[in-house]
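> how would this look folded up:
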Amino acid sequence: MENNKMPNVPFMVSGTHGGNLQKVRDGRRTFGITPHIPGGFIKIEELERITAVAKKYNGVIKITSGQRLLITNLKGEDLPQIWEELQMEPAVKGQNTVKNVEMCPAGFCKRSKYNTIGMGMKLSKKYQWMPMPCRTKIGVAGCRNACSSIYAKDVGIIADVTGMMVVAGGSAGYNPRVADIIIQDISEQEAMRIVDNILAYYSENAEPGEKLGFFIDRIGLDKFKEDVL
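I've put the predicted structure just below:
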């Protein structure tokens, strides 16, 4: 496998939804599902349905690093009924897509310099599940502490007292890479526009399976900045 390509992850489609293949226990395949929870902010009614499903189908709940709840230890044949009972969308609908938009609790945090939750929700609504050359994660944070590991995201926005910072090319996975700072001290509107530019440019020019960070390394950071700015 080339260093700039991501490995495939087993995924089983069951009905209109799917589950990730987990461990085989006593000869029985088990699966995990991850409902879509934008930014990790979940309604009480949704949390209650997740709990009820886990109890009914002998599931195990795991809080993921992507601000979601994984329900694992499930039978493949139960997945269609489980999704119907959850009344929620799956967090992942395809391998090479925007996986999620992670957000810090900026509007509720005393350290926040700007309430970036609204920006994160706009990005989630616009880009969640959108096809990309490789799996892509987005993050937003309300201060330079960059909670939600923004420097490990493919694209990120970080707020400061002087304005927004946009970063790109981070990864904490198979090939770790710290994101590059693309621009600093800009408005919310400018930051959102540049994120749009980055994702469009990446979609149009990267090779299949090429992470954004490795695309930047291949063409050079200076050219990348020039083209997206």
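> list the residues that contact the residue lying farthest from the centre of the chain.
Checked against the mean C-alpha position of the chain, the extreme residue using Cα atoms, centre = their mean is Asp26, at a distance of 32.8 Å. With contact set as Cβ atoms under 8 Å, 6 or more residues apart in numbering, Asp26 has no partners. No exception for glycine: its C-beta is placed from N, CA and C like everyone else's.
> cool, and Met130?
Thr97, Val98, Leu199.
> what strand or helix carries the second one?
In the assignment (DSSP states H and E), Val98 maps to strand 98-103.
> the last one now?
Remark: Leu199 resides in helix 188-205, with elements defined by DSSP H and E.
> buried set for whichever helix or strand comes after that helix?
Moving toward the C-terminus from helix 188-205, the next helix or strand (DSSP H and E) is helix 212-219. The neighbour-count check on helix 212-219 (16 or more other Cβ atoms under 10 Å) flags Leu212, Gly213, Phe214, Phe215, Ile216, Asp217 as buried.
> may I see those organised as TSV, with pLDDT and distance to Gly107 added?
Shown next, in TSV, are the buried residues of helix 212-219 (pLDDT from 0 to 100; distance: Cβ to Cβ, whole Å):
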residue	pLDDT	distance to Gly107
Leu212	98	28
Gly213	98	29
Phe214	97	34
Phe215	98	33
Ile216	98	31
Asp217	98	35
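> closest to Glu85 out of those residues?
When the buried residues of helix 212-219 are ranked by distance to Glu85 (Cβ to Cβ), Leu212 comes first, at 36.3 Å.
> how about the contacts made by the residue lying closest to the closest one once chain neighbours are set aside?
The spatial neighbour of Leu212 that comes closest, neighbours along the chain excluded (Cβ to Cβ, 6 or more residues apart in numbering), is Asp154 at 4.4 Å. Asp154 sits next to Thr136, Lys137, Ile138, Ala168, Gly169, Gly170, Ser171, Ala179, Lys211, Leu212, Gly213 when contact means Cβ under 8 Å, 6+ apart.
> change it to 10 Å
Shown in contact with Asp154 (Cβ atoms under 10 Å, 6 or more residues apart in numbering): 98-99, 132, 134-139, 167-171, 177, 179, 198-199, 202, 211-213, 215-216.
> just to revisit the earlier point, next, the angle helix 212-219 makes with the helix holding Leu199.
Orientation check (axes from the mean of the first three to the mean of the last three Cα atoms, to 10 degrees): helix 188-205 against helix 212-219 gives 70 degrees.
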